Each structure stands twice: as C-alpha cells, then as structure tokens.
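# Using only what follows, build the 3D model:
(one chain, ligands or ions: 1)
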Amino acid sequence: MWKHISSNYNPAILEVQKALQLATSSGASLELIQTLQSALALADQREEFAHTSTSKQSQTLKEIQEETLWHDWTKAYEEGKTAWQLRPGMLSGPLEGQFLKSLVSMQKAKRILEIGMFTGYGALAMAEALPADGEVVTVDMTEYLKPLVTNLIKSSPHHKKIKIVIGKAREVLLEMSHRKEKFDIIFLDADKSEYTAYFKIIFEGGLLGTGGTVLVDNAFRRGEAYIPALGDTPSKQFAKFVSSDASLHKVLVPIRDGVLIIRRLSDVEGSVA
Ligand SMILES: C[S@@+](CC[C@H](N)C(=O)[O-])C[C@H]1O[C@@H](n2cnc3c(N)ncnc32)[C@H](O)[C@@H]1O
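Coordinates of the predicted model:
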C-alpha cells in the first residue's frame, strides 16, 4: 500500500528509482540491482513503520481521506468550479494529521487558524484535540469546497468547532489582523509562494497569541527549498527569511514534505537559577 510513498516528497528516492531503471536497462550486475531494490524496500518499510506506530485516524478522518481520493477533481476543474486542478495528494493524511493533533494537545490550544482547508482533513484532525469551547478557523479560496467539507465533517462530534471562511488567504489574514484576532496555533498550508507574505502579516499584524506556534507545511517543497540546482525558489526565500530571524526558534520535522515548527525564542528558551 505504501509502495515508495516517500518518493512523492523525497527526491533522493526518485534518484534511487532512476538508478534502478538504469541498472536494469544497462545489464548491470544482479547484486547492484538487488541492492537498489533493497534500498527502495527499506524506504517503504520505514514509512510503513511510521504509519503503523502512529495512532489510527478517526472514522470521519478515514471517510474524508477516501472521498478525497475518489472525488472527481478533474470534472470540478473542467467545469470551472476550482481555479486549478486539486489533487488527492494535497491532503495532509494520517501521519501528519495525528502529528498536528498531538501538537494541538501539547500546546493546550483553544483557537487555531488553518490557511488552506482543502477537504478539511487537517482542520478536523486538529479540532479533535480541542476542548469543547475551542475553535479551528479554516480558510480556503475555493468556494466549491465549503459544502463538500461541511457534509464530510458532519458525522464527527467535533464538527461544530470548525468554522469555514472562504477567501484569499492574504486578504483574510489582513482582515483578521484589523479585528485584532489571536490564535494559539496557525497552520500554513496554502499557496507556498505567499508564505513570506502570510508570515509578515501574522507577526506584524499580531495574529499569533502569547506563547503561540506557527506550523508551516511543505517546508522541503519536494526539494525546492534546499536543492541548489533548482534556483532561488519562493520556498528557499521563505526558508532564508525565517532562519535569519534570531528572535524565533525553529525546528523542521521531516514528516511527509516537512513541517516547520516556529515559536518565539523567548517561549522556548529555559531559564537558569
Ligand atoms: C495543500 S491543500 C490544504 C490541505 C489541508 N490543510 C489538509 O490538511 O488536508 C491547499 C489548499 O489551499 C488552497 N489555497 C491555495 N492558495 C490559496 C490562497 N491564496 N488563499 C486561500 N486558499 C488557498 C487551495 O484551494 C487548497 O485547497
């Protein structure tokens, strides 16, 4: 089931797949071919172990995952209901979903902002860890997704904690900042080329509450953030921008396409007697 799933995000695995094809077509030694096959199998086993060692997703999350997989995104795009072709691979999924849920519980968060809702998987995974009076505000520019997600999450007892806002992320963030809204966790998972702009509004506009955390999805961007040959991409610019800010503590967790956890340094550094 997980066959080479990590190759979706890890360019090194793609290179090993390429090497295997080359070895096979060029009549390389059986030992070399078997070693490359073994390297790919080990990557799969590692990925599978991460999934089987992680708590199972709820029934509603499972249903969202299945609907996302089977939904006719091509038809929605061709009928002009989505601005671009949405893909099942955009879903955060079971491993990252449980990771987000765990972080929400550790933070004891009450108010969460998600930028980029898609089919509501991440929003519901986080809502599942919130207290009864907690709230996930999830933002997406695609109107088509609102009735779909409303219908998908309704079987969960946590659905009432989710508020869907349709609009362009940058504009919504600015409006929220003018209203002086505050969040304990802000999860960025929309247009990757806009991350630096989102980040500036979040900090300069005071959206991140005291002791709050910003989570940034796709921090590796399938290699765009760190492979020199791919040029000065928006992901690299964002990474440079964040790493040059000495007032922030950052840790990049290599789950899926990378989740960057950012907190104010003063909230992370311990004190001494
Ligand atoms: C990767 S998906 C989000 C996945 C979701 N967070 C999850 O956990 O499954 C990205 C979503 O961001 C939305 N999006 C992209 N650019 C946007 C923008 N500028 N403003 C608002 N939403 C945007 C897309 O419509 C898409 O649904």
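
# For Gly258, the count of nearby residues, please.
Neighbourhood size, Gly258 [other Cβ atoms under 10 Å]: 20. For the C-beta atoms, the positions are set from N, CA and C on the backbone; glycine is no exception.

# no, scratch that, I was asking about Pro88
Pro88 has 16 neighbouring residues, counting by other Cβ under 10 Å.

# Roughly how far does it sit from Glu66?
Using Cβ to Cβ, to the nearest Å, one obtains 10 Å as the distance from Pro88 to Glu66.

# before we move on, what about Lys182?
35 Å.

# got a pLDDT number for the one residue in the stretch 51-200 of the chain that gets nearest to the ligand?
Per Cβ to the nearest ligand atom, Gly122 is where the stretch 51-200 of the chain lies closest to the ligand, at 2.5 Å. We have a pLDDT of 98 for Gly122.

# Please apply the same query to Gly134.
Taking Gly134 on its own, its pLDDT is 98.

# residues contacting it?
Gly134 sits next to Ala109, Lys110, Arg111, Ile112, Ala127, Lys161 when contact means Cβ atoms under 8 Å, 6 or more residues apart in numbering.

# What parts of the stretch 51-200 of the chain come near the ligand?
86, 90-92, 114, 116-118, 121-122, 139-142, 168-169, 189-191, 194 (Cβ under 6 Å from any ligand atom).

# And the residue nearest the centre of the protein?
The centroid of the chain falls nearest to Asp217 when counting by Cα atoms, centre = their mean (3.6 Å).

# Excluding residues flanking it in the chain, which one is nearest that one?
Setting aside the residues directly before and after it, Asp217 is nearest to Asp189 in space (Cβ to Cβ, 6 or more residues apart in numbering), at 4.1 Å.

# Just give me the neighbour total for Glu78.
When neighbours are defined as other Cβ under 10 Å, Glu78 has 11 of them.

# Equivalent analysis for Thr150, please.
Number of residues near Thr150 (other Cβ under 10 Å) recorded here: 13.

# Distance check, it against Leu61.
Going from Thr150 to Leu61 by Cβ to Cβ gives 16 Å.

# Which stretches in the protein count as strands?
Taking DSSP state E, the strands of the chain run over residues 111-115, 135-140, 162-166, 183-188, 208-217, 248-253, 259-264.

# Pop the domain breakdown of this structure in here.
For the chain, automatic domain parsing gives the domain ranges 5-52, 59-268.

# Please measure how far the first residue of the longest one sits from its last one.
Terminal residues of domain 59-268 lie 35 Å apart, using Cα to Cα, to the nearest Å.
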